[in-house]
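>>> Here's my sequence, what's the structure:
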Amino acid sequence: MEIFLVGGAVRDKLLGIASHDQDWVVVGSSPEQMLSQGFRAVGLDFPVFLHPKTQQEYALARTERKSGQGYNGFECFYAPDVTLEQDLARRDLTINAIAEDAQGTLYDPYGGQADLENKILRHVSDAFSEDPLRVLRVARFAAKLAPLGFRVAPETLTLMKSMADSGELTHLTAERVWQEWHKSLTTSAPQVFLQVLKDCDALKVILPEIDALFGVPQPEKWHPEIDTGIHTLMVAEQAALLSSQVSVRFAAQVHDLGKGVTPESEWPSHKMHCHTGLNLIKALSTRVKVPNECRELALLVCQHHSNIHRAAELKASTALKLLSQLDAWRRPERFKQVLLCCQADHQGRKGLERQPYPQAKRLQAYYQAANAIDVSDIIAQGFQGKAIRGELDKQRIASIEQIKLALS
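Reported below is the predicted structural model:
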C-alpha cells in the first residue's frame, strides 16, 4: 500500500500559498484493508475513508467511466491494481494532477508543474468534458489564481464552450452551482469567475440574469464603460476590494439585474431597473438556493442604490424614510454593507475607480444624528401611543436637517 498527497494541497504548496484541505490517494489497497486499519468509510459513490486520528480524507485509487448525464453520471472502478497515473488521469486540471509521496517526491505524469510555471489552467484529457461541474470549477480556479497571473488555456476554453453548447450544464444542481459561485466570492478576483463563464458561453446557461446584462448600454455620461455587463464585472471587482463578506460581493454582482430586462426602446435609460430587478433577484436566489442573508442584502441594494447615490439631494424627511426602509436602527451592520455595495457600484465605472464616495459618510452622519434621539426623553415629555412615533420622527428629521446644513 502506498499513500500520496494529491490535488490542491500539492498545487498550493508548489505555488507557496496557504492550503486548508489535504486529500490523499491510496494505491494498492482495498476497502477491507482500510477498515482493518481503523479508517472509517464515508464515500457513497466511491471508496473514501477518514483517517482514525486526523479525520482527513483518504480515497482508494480509482478510474471512472461516463454512464449518464450530469456530474453524478459515472461508474467508479477501484482495485489494488489501479495505478497512481490512472487515478490522476481522471482529474480536471494538470495543476491538480500532481502527487507527492511521504519522502517529498513529486509524481507529475501530465505536465502540471510546467503549467504551474507558465500559469496555465489546462485540462488533463478529453474526459474533462464528461463532468459539467468542471466548467464551474475552472472558472473558480481562474478567479482564485488570477492574482498570480493564471489564465485558462485556449484549448480548455474551447472544450468548456462545447460543453456549454451541448446542454450538459443544465444537469447541474442548484446546490453545486451555488457552492462554486460561493467559493468564487471568497477569492480576491470574483469577477474573473463571471468573465470565464461568459467567455465559454456558460454564463447564459448558469446565470442567465447576469448574462443578459452584456450588450445592454447605459448613458455614457454616467457610465463611460457603457456596457452593463462590463459595469457588473467592474462593480464585482470593486466590491472585492472593499469587503471580504460574501453577502456584500453577491449583492454587488446582482444589483443591476433589472437593466437586463429594460425594453430596447428605452435604452440607454433604465428608470425602472431598481424595481424590475427585485423579482429577478428573488427568482435567481430561489433557483440557485442563495442564503437568505445574501438575498436580503441584494434586494435592499437593488431597491435603494439609486436614492443612496442621490443622498445629497434628498430632503431630510426622505432621508429618514430611507434609513427606516433599510432598517438601519436595528441592523446597523447591514446598513454599512448596503453602503459598501453602493460605493462599489459608484467606483465600478471606467476611469472612476478611485473617485470618492461621500454619500456613504453623509448617510452615516444622518443615521448617527437621528439615532441619537432618545425615545425615553420623548415619553418623559408626556407623549403617548402613536404620538411617540410622530414626535420621534419630527426630532429625527430636525437632527438630519442640522447635518444637511453643516455639510452644505
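
>>> Quick one: list the elements packing against the strand or helix carrying Ala239.
Using DSSP states H and E, Ala239 falls within helix 228-242. Applying 3 or more Cβ pairs under 8 Å, 6 or more residues apart in numbering; DSSP states H and E, one finds that helix 228-242 contacts helix 190-199, helix 208-211, helix 246-254, helix 332-347. C-beta coordinates here come from the backbone N, C-alpha and C atoms, glycine included.

>>> could you dump it to PDB, C-alpha only?
Taking Å, rounded to 0.1, in the frame of the first residue of the first chain, the C-alpha atoms of helix 228-242 are listed here in PDB:
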ATOM      1  CA  THR A 228     -23.900  47.000 -18.300                       C
ATOM      2  CA  GLY A 229     -22.200  43.600 -18.300                       C
ATOM      3  CA  ILE A 230     -18.700  45.200 -18.200                       C
ATOM      4  CA  HIS A 231     -20.000  47.500 -15.400                       C
ATOM      5  CA  THR A 232     -21.100  44.500 -13.400                       C
ATOM      6  CA  LEU A 233     -17.700  42.900 -13.700                       C
ATOM      7  CA  MET A 234     -16.100  46.200 -12.600                       C
ATOM      8  CA  VAL A 235     -18.500  46.500  -9.600                       C
ATOM      9  CA  ALA A 236     -17.700  42.900  -8.600                       C
ATOM     10  CA  GLU A 237     -14.000  43.800  -8.600                       C
ATOM     11  CA  GLN A 238     -14.500  46.900  -6.500                       C
ATOM     12  CA  ALA A 239     -16.700  45.100  -4.000                       C
ATOM     13  CA  ALA A 240     -14.000  42.500  -3.500                       C
ATOM     14  CA  LEU A 241     -11.500  45.400  -2.800                       C
ATOM     15  CA  LEU A 242     -13.900  46.900  -0.300                       C
END
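
>>> quick one, that helix and helix 246-254 angle?
160 degrees (axes from the mean of the first three to the mean of the last three Cα atoms, to 10 degrees).

>>> avg pLDDT for helix 228-242?
Average pLDDT, helix 228-242: 98.

>>> try stretch 144-155
98.

>>> tell me how far the ends of it are from each other?
Using Cα to Cα, to the nearest Å, the span of stretch 144-155 from its first residue to its last is 20 Å.

>>> How about stretch 168-177?
Stretch 168-177 end-to-end distance (Cα to Cα) = 13 Å.

>>> which of the residues in the helix holding Ala239 are buried?
228-240, 242 (16 or more other Cβ atoms under 10 Å).

>>> just stretch 98-117 next, same as before
98-100, 107-113, 115-116.

>>> what's in contact with it?
Under the contact criterion Cβ atoms under 8 Å, 6 or more residues apart in numbering, stretch 98-117 has outside partners 2-6, 10-11, 13-15, 25, 84-85, 88-89, 93-97, 121-122, 124-125, 153.

>>> Generate a ChimeraX selection restricted to the buried subset of the residues you listed.
The ChimeraX selection below is limited to those of the contacts of stretch 98-117 classed as buried (16+ other Cβ under 10 Å):
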select :4,5,6,10,11,13,14,15,25,84,88,89,93,94,95,96,97,121,122,124,153
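
>>> out of the contacts of stretch 98-117, which are inside helices?
Among the contacts of stretch 98-117, the members falling in helices (DSSP state H) are 10-11, 13-15, 84-85, 88-89.

>>> Could you dump those into CSV with pLDDT added?
Converted to CSV, the ones in helices among the contacts of stretch 98-117 look like this (pLDDT from 0 to 100):
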residue, pLDDT
Val10, 97
Arg11, 96
Lys13, 95
Leu14, 96
Leu15, 96
Leu84, 96
Glu85, 95
Leu88, 95
Ala89, 93
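
>>> for those, which one is nearest Tyr78?
Leu84 (12.9 Å; Cβ to Cβ).

>>> Contacts only, for the residue most central in space within the chain.
Nearest to the mean C-alpha position of the chain, by Cα atoms, centre = their mean, lies Leu185 at 2.8 Å. Leu185 is in contact with 246, 249-250, counting by Cβ under 8 Å, 6+ apart.

>>> Give the closest residue to His182 in space, chain neighbours not counted.
Val246 (6.3 Å; Cβ to Cβ, 6 or more residues apart in numbering).

>>> my guess is that neighbour contacts Cys294, does it?
Yes. Assessed by Cβ atoms under 8 Å, Val246 is found in contact with Cys294 at 6.6 Å.

>>> tell me the average confidence for stretch 290-310?
For stretch 290-310, the per-residue pLDDT averages 98.

>>> Oops, could you answer that again for stretch 375-384 instead?
93.

>>> what's next to that stretch, contact-wise?
Contacts for stretch 375-384 (Cβ under 8 Å, 6+ apart): 388, 390-392, 395.

>>> what does stretch 80-93 give?
So stretch 80-93 is in contact with 2, 4, 6-7, 25, 27-30, 60-64, 97-99, 107, 109-110, 112, 115, 121-125, 127-128, 131, 134, 137-138, 141, 156, going by Cβ under 8 Å, 6+ apart.
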